[in-house]
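A.B. asks: Quick one: sequence and predicted model below, then my questions.
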Amino acid sequence: MVSQEQRRRQLAREKFLRQQQRRTSARRKANMRNSVIASVLGVVVIGSVALYTTGVLKNDDDKKTNASADVTPSAAPTSKAPDPCEKPAAGSIEKETWKKEPAMSIDTSAKYTMKLATTCGDINIALKTSAAPHTVNSFDFLAGKGFFDHTKCHRLTTNGIYVLQCGDPTGVGSGGPGYTIPDENLKDASLKGNKYPAGTVAMANTGQKHTGGSQFFLVYKDSPLPPSYTPFGTIDAAGLKVLDKIAAAGENTGAGDGAPNATVVINKATVTKS
């Protein structure tokens with residue numbers, strides 16, 4: 001039979017063993033936690049070094065640029081090239097919008113042309129009525145409402161692609177007629193090799209399917225683009241000369257994509273059945 005003293009000692013040993021087990025377990029957990037923290041800190045440090053290095057490189061570039069600016073005499077300011085275009089005709093921009101695409105009213109078997117009487121000269125466009133009926137019908141409707149009259153061509157791209165973009169009543173690239181039209185004619189024979197040839201008139205969109213509205217672009221030089229923009233017209237030779245004049249004046253950012261330096265305003269847009 002176990003005496004009280006032996007029982008007390010046994011209980012004391014068991015208590016000591018339990019304490020040791022708890023301490024060992026706690027140390028193991030602490031070591032694991034410290035390892036995780038060390039790993040995370042390592043990632044943070046590496047990321048910080050990378051960011052710091054990037055910052056240093058950028059600062060070095062900035063310093064080189066500034067140093068170059070310090071030692072290079074300032075060039076005499078160059079005067080801006082004269083605006084090759086005339087002042088816009090008097091008038092206000094149509095602000096009406098519509099919720100739905102207009103009902104088909106054109107004769108899809110007939111030929112239609114669109115004339116853009118701009119401040120830089122007339123641009124005549126033969127429309128691809130049978131290949132892009134929704135687009136041509138929409139332009140016929142909008143032109144008849146005076147929607148394009150007195151609007152600026154707000155974007156000129158002179159690097160990579162070569163286009164003048166027009167058709168936005170807000171003049172900043174965010175406007176439209178209130179409705180959208182479906183994509184059409186994306187397998188046009190002229191679009192071989194992911195290229196929109198000079199003289200093409202095509203719809204702008206948001207990058208998603210069937211999001212064309214009123215904005216369109218005029219291609220003045222062969223431009224590499226995927227066939228995602230409805231080609232609906234072809235510019236005549238005289239119109240291409242007008243575009244070349246606009247392009248020669250450049251755009252306002254100097255980076256190849258901005259508002260044209262030329263004052264390009266559509267005084268009047270007319271669609272005519274021939």
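C.D. replies: Arrived safely.

A.B. asks: For the chain, which segments count as strands?
C.D. replies: For the chain, the strands defined by DSSP state E cover 112-118, 121-127, 151-152, 155-157, 163-166, 195-196, 200-203, 216-219, 223-224, 231-235, 257-258, 265-273.

A.B. asks: Ok, which of those strands comes nearest K209?
C.D. replies: Nearest of the strands of the chain to K209, taken as Cβ to Cβ: strand 200-203 at 11.8 Å. Just so you know, the C-beta spots here come from the backbone N, C-alpha and C atoms, and that holds for glycine as well.

A.B. asks: What helices and strands are in contact with the closest one?
C.D. replies: When contacts are defined as 3 or more Cβ pairs under 8 Å, 6 or more residues apart in numbering; DSSP states H and E, strand 200-203 packs onto strand 216-219, strand 231-235.

A.B. asks: Please save the CA atoms from it in PDB.
C.D. replies: The C-alpha coordinates for strand 200-203 follow below in PDB (Å, rounded to 0.1, in the frame of the first residue of the first chain):
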ATOM      1  CA  THR A 200     -10.300  53.800 -93.800                       C
ATOM      2  CA  VAL A 201     -13.100  55.300 -91.600                       C
ATOM      3  CA  ALA A 202     -14.000  53.100 -88.700                       C
ATOM      4  CA  MET A 203     -15.900  53.100 -85.400                       C
END
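
A.B. asks: buried sites along stretch 95-114?
C.D. replies: 101-102, 106, 112-114 (16 or more other Cβ atoms under 10 Å).

A.B. asks: mind saving the C-alpha coords of that stretch as PDB?
C.D. replies: Extracted as PDB, the C-alpha positions of stretch 95-114 are listed here (Å, rounded to 0.1, in the frame of the first residue of the first chain):
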ATOM      1  CA  LYS A  95     -26.800  68.000 -76.900                       C
ATOM      2  CA  GLU A  96     -29.800  65.800 -77.600                       C
ATOM      3  CA  THR A  97     -29.300  62.000 -77.000                       C
ATOM      4  CA  TRP A  98     -31.500  59.000 -77.700                       C
ATOM      5  CA  LYS A  99     -32.100  55.800 -75.700                       C
ATOM      6  CA  LYS A 100     -32.400  53.500 -78.700                       C
ATOM      7  CA  GLU A 101     -30.700  52.900 -82.000                       C
ATOM      8  CA  PRO A 102     -32.700  54.600 -84.700                       C
ATOM      9  CA  ALA A 103     -35.000  52.400 -86.800                       C
ATOM     10  CA  MET A 104     -33.600  51.400 -90.200                       C
ATOM     11  CA  SER A 105     -34.500  54.000 -92.700                       C
ATOM     12  CA  ILE A 106     -31.800  53.900 -95.400                       C
ATOM     13  CA  ASP A 107     -31.900  51.900 -98.600                       C
ATOM     14  CA  THR A 108     -29.200  49.300 -97.900                       C
ATOM     15  CA  SER A 109     -28.900  48.600-101.700                       C
ATOM     16  CA  ALA A 110     -28.100  52.200-102.500                       C
ATOM     17  CA  LYS A 111     -24.800  54.200-102.300                       C
ATOM     18  CA  TYR A 112     -24.300  56.800 -99.600                       C
ATOM     19  CA  THR A 113     -21.600  59.400 -99.100                       C
ATOM     20  CA  MET A 114     -20.700  61.500 -96.100                       C
END
